[in-house]
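Asker: Predicted structure and sequence below. I'll ask about it afterward.
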Amino acid sequence: MTRCSRSDSPLPEEGQVCVAASTLRPLMAGEREASAGATELIPAGGLAALFLVAAILLTACGVKTHPYPESSTLPAKVGSIRQEQDSSNRLRLSWTAPTLNMAGRPLNVLSYFEVWGADYEAAEFCEGCPSFYRKLGEVYLQPPPPGLAINEGPYYWGAELRQGRIYRFKVAGFTSRGAVHPDAWTETTVFAVPPPGILEGFSAVTEDLAVRLGFRPGEPDEVLEVQRREGSGPWSTLNLRDAGYVDLDVRYGRSYVYRGRRIRSSGESRVPGPWSREIAVAVEDTLAPSPVSHLDASLSPEGVVLRWESLSGEPGIAGYHVYRRVGPEGAFERVGGLHTENFFVDRDAPAEGDLRYMVTAVDDSPRANESLGSPEASVFREPDEVPVEKPDLRDLGY
């Protein structure tokens, strides 16, 4: 029988059995006889009384359950292994340290991690078959933050991959004595696939309070990654769902930069292609306010009095423009500047004719977006009568 030591594989080799030095020992002949005759010293009727006394003594001693075996205090599994590949098939594995032991209680003994690996030709790989691992190296625990027993990390391991091969990696946490639980290993499979090409047809076009992104669909095993940043700030990845993606998380008056790339997926592996060109856009408010739905015009001694529906309940309304024309064929001309109230007296209106008016709403954006015109309202001004000069009767000799 072969015993395991720290230098051996954490998992026994074929035909190897790991036991503690004092776990198994055959009984000698005399011991067997003493053992066989031990029960004869106790009368059969006294067994029940003996068991009752033993139970009372155990209860009095406060023993409620069996103590945890030493193996259950070993570190539990590390957090899920995350794999990142670049377009040159350089791999970085990352994981977080366990904070619990195998019994589910807080972990206090963790010193380092071991990384083991195996690689195969694609034709030789068998999903679910045992892997022939070899030790690749160790990653030591970082000092914990104040008040914590374990620094959760993350922790990293890098490797150069050969395109077209398939790799298996496993990671586990060890104590300072080199102890590891056989069920504490976390495994992952890495496919070293060729990276995709550059993202073609990438575009970003501004709409009202939105940016519409466009691109050409890729292969079935590819996904798209698009990142955005505001001005010169950090890049953030957008959550894309389809090729007609519209970015609604934008603000008026701000500039954004977009870039995209394809990512080829195989199992848990994701291999990115190169980034597209960067596209900068400025988001402006181009949405016009709602039009005024009602306008009334009437004559008064002061001029033409106009009253219209107020849009004060609509956000972003800065005021109104008033337009006037003479006759149905005339061109509208704006009267005055921006009117902030919903009435206006046109004191400079022509003295006669068919006077027609229209009102538009204007918002407070830098572009001063203007609504469509309201329905027209009109008044007709008669020409003033020219008084007939009566002759002076004295001039006629009366």
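Answerer: Everything's here; your move.

Asker: Can you tell me the SS state at the most centrally placed residue in the chain?
Answerer: Using Cα atoms, centre = their mean, the residue of the chain that lies closest to the mean C-alpha position is residue 239, 6.3 Å off. The local conformation at residue 239, judged by DSSP: H, G, I helix; E, B strand; the rest coil, is coil.

Asker: what's the pLDDT at it?
Answerer: Note for residue 239: predicted pLDDT of 82.

Asker: Outline the domain layout of the chain.
Answerer: 72-191, 203-282, 295-381 (automatic domain parsing).

Asker: Relative to residue 288, which of those domains is closest?
Answerer: In terms of Cβ to Cβ, the element of the domains of the chain nearest to residue 288 is domain 295-381, at 4.5 Å. (Glycine included, C-beta is placed from N, CA and C.)

Asker: What mean pLDDT does the closest one get?
Answerer: 93.

Asker: That one spans what distance, first to last residue?
Answerer: Start to finish, the residues bounding domain 295-381 are 18 Å apart (Cα to Cα, to the nearest Å).

Asker: How far away from the center of its chain is that domain?
Answerer: When distances are taken as Cα atoms, centre = their mean, to the nearest Å, domain 295-381 is centred 49 Å away from the chain's centroid.

Asker: One more: stretch 149-161?
Answerer: 23 Å.

Asker: Please spell out which residues along it are buried.
Answerer: Of all the residues in stretch 149-161, those buried under the rule 16 or more other Cβ atoms under 10 Å are 150, 151, 152, 153, 155, 157, 159, 161.

Asker: Please apply the same query to stretch 372-382.
Answerer: By 16+ other Cβ under 10 Å, the buried positions in stretch 372-382 come out as 373, 374, 377, 379, 381.

Asker: again, but for stretch 324-336
Answerer: So, applying 16+ other Cβ under 10 Å, buried residues of stretch 324-336: 324, 325, 326, 332, 335.

Asker: can you put those residues in TSV and add secondary structure and distance to residue 142?
Answerer: Compiled in TSV, those are given as follows (DSSP: H, G, I helix; E, B strand; the rest coil; distance: Cβ to Cβ, whole Å):
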residue	secondary structure	distance to residue 142
324	strand	77
325	strand	78
326	strand	84
332	coil	74
335	strand	74
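
Asker: Alpha carbons of stretch 225-242, as PDB, please.
Answerer: The C-alpha trace of stretch 225-242 is given here as PDB (Å, rounded to 0.1, in the frame of the first residue of the first chain):
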ATOM      1  CA  GLU A 225     -19.700  43.600 -27.800                       C
ATOM      2  CA  VAL A 226     -20.200  47.300 -27.900                       C
ATOM      3  CA  GLN A 227     -18.700  49.800 -25.500                       C
ATOM      4  CA  ARG A 228     -19.400  53.400 -24.900                       C
ATOM      5  CA  ARG A 229     -17.800  56.200 -23.000                       C
ATOM      6  CA  GLU A 230     -18.800  59.800 -22.300                       C
ATOM      7  CA  GLY A 231     -16.200  62.300 -23.500                       C
ATOM      8  CA  SER A 232     -12.800  61.000 -22.300                       C
ATOM      9  CA  GLY A 233     -14.300  58.900 -19.400                       C
ATOM     10  CA  PRO A 234     -13.900  55.100 -18.900                       C
ATOM     11  CA  TRP A 235     -15.400  52.600 -21.300                       C
ATOM     12  CA  SER A 236     -18.500  50.700 -20.300                       C
ATOM     13  CA  THR A 237     -20.100  47.700 -22.000                       C
ATOM     14  CA  LEU A 238     -23.700  48.000 -23.300                       C
ATOM     15  CA  ASN A 239     -26.200  45.200 -23.000                       C
ATOM     16  CA  LEU A 240     -27.000  44.500 -26.600                       C
ATOM     17  CA  ARG A 241     -30.000  42.400 -27.600                       C
ATOM     18  CA  ASP A 242     -30.300  42.700 -31.400                       C
END
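
Asker: Could you list the residues in contact with it?
Answerer: 213, 224, 245, 247, 254-263, 272 (Cβ atoms under 8 Å, 6 or more residues apart in numbering).

Asker: likewise stretch 144-155?
Answerer: 79, 82, 94-99, 106-108, 110, 113, 139, 141-143.

Asker: ok, 10 Å please
Answerer: If you take Cβ atoms under 10 Å, 6 or more residues apart in numbering as the criterion, stretch 144-155 is touched by 75, 78-79, 82, 93-100, 106-110, 112-113, 115, 139-143, 171, 173.

Asker: ok, residue 265 touching residue 193?
Answerer: Yes. Using Cβ atoms under 10 Å, residue 265 is in contact with residue 193, at 8.6 Å.

Asker: Which one's more surrounded, these two?
Answerer: When neighbours are counted by other Cβ atoms under 10 Å, residue 265 and residue 193 differ, and residue 193 comes out ahead with 22 against 15.

Asker: For the stretch 51-200 of the chain, which segments count as helices?
Answerer: For the stretch 51-200 of the chain, applying DSSP state H, counting those that start in this stretch gives no helices.

Asker: residue ranges for the strands of it, please.
Answerer: Assigned by DSSP state E, counting those that start in this stretch, the strands in the stretch 51-200 of the chain fall at 82-85, 90-95, 112-121, 134-140, 155-160, 165-174, 186-191.

Asker: what does the stretch 251-398 of the chain give?
Answerer: 255-266, 269-272, 279-282, 295-300, 303-308, 317-326, 333-339, 343-346, 353-363, 377-381.

Asker: in the fourth one, what's buried?
Answerer: Within strand 295-300, the residues that qualify as buried are 295, 297, counting by 16+ other Cβ under 10 Å.

Asker: quick revisit: can you tell which of the strands of the stretch 251-398 of the chain is closest to residue 179?
Answerer: Across these, residue 179 has its closest neighbour in strand 269-272 (31.9 Å, Cβ to Cβ).

Asker: Report the set of residues contacting both of residue 265 and residue 193.
Answerer: 221, 271.

Asker: quick one on the thing from earlier: which of the buried residues of stretch 324-336 sits closest to residue 280?
Answerer: Nearest to residue 280, judged by Cβ to Cβ, of the buried residues of stretch 324-336 is residue 332 at 38.4 Å.

Asker: so what's the residue nearest to that closest one when sequence neighbours are not counted bridging to?
Answerer: Closest residue in space to residue 332, ignoring its immediate chain neighbours: residue 323 at 4.0 Å, by Cβ to Cβ, 6 or more residues apart in numbering. On the basis of DSSP bridges, residue 323 is bridged to residue 334, residue 358.

Asker: That's all I had, so thanks and see you.
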